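J.: No sequence on hand, only this structure:
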């Protein structure tokens, strides 16, 4: 579980996202997901953000397509609802 904190920070820091904010957001998401899974679903499973979509975001959209890291989430959001 601790590995994802540093891996995600390094991965999303590559396109220019602030590393401190990425570290904090990853930690909060892991804590919230694990707490919800434990308290509401009563399953002893820890959850953390995955690296697959983060790598797609960082490398395919930002570094390869030339979007800024602020524009890329908006592009993902619009594409998600355009295909739904």
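T.: Now that the structure is in, tell me what you want to look at. Just so you know, these numbers come straight off a predicted model, no measurement behind them.
J.: From here on, just use CA atoms for contacts and neighbour counts.
T.: Fine.
J.: just checking, what packs against the helix or strand that contains residue 6?
T.: Assigned by DSSP states H and E, residue 6 belongs to helix 2-13. When contacts are defined as 3 or more CA pairs under 8 Å, 6 or more residues apart in numbering; DSSP states H and E, helix 2-13 packs onto helix 19-39, helix 51-55.
J.: roughly how far is the first one from the heart of the chain?
T.: Helix 19-39 sits 10 Å away from the centroid of its parent chain (CA atoms, centre = their mean, to the nearest Å).
J.: Which positions in it come out as buried?
T.: Within helix 19-39, the residues that count as buried by 16 or more other CA atoms under 10 Å are 19, 22-23, 26-27, 30, 33-37.
J.: just stretch 62-80 next, same as before
T.: For stretch 62-80, burial by neighbour count (16+ other CA under 10 Å) applies to 62-63, 67, 69, 72.
J.: Grab the nearest non-local neighbour of residue 46.
T.: Closest residue to residue 46 apart from its sequence neighbours, by CA to CA, 6 or more residues apart in numbering: residue 34 at 4.7 Å.
J.: should've said residue 14
T.: For residue 14, the spatially nearest residue (CA to CA, 6+ apart) is residue 58, at 7.4 Å.
J.: these two touch, right, that neighbour and residue 10?
T.: No: in this structure residue 58 lies outside contact range of residue 10 using CA atoms under 8 Å: 10.6 Å.
J.: For the two, indicate the residue with more neighbours.
T.: Per other CA atoms under 10 Å, whichever of residue 58 and residue 10 has more neighbours is residue 58, with 22 against 15.
J.: Would you enumerate the residues in contact with the more buried one?
T.: Residues counted as contacts of residue 58 (CA atoms under 8 Å, 6 or more residues apart in numbering) are 11-12, 14-15, 69.
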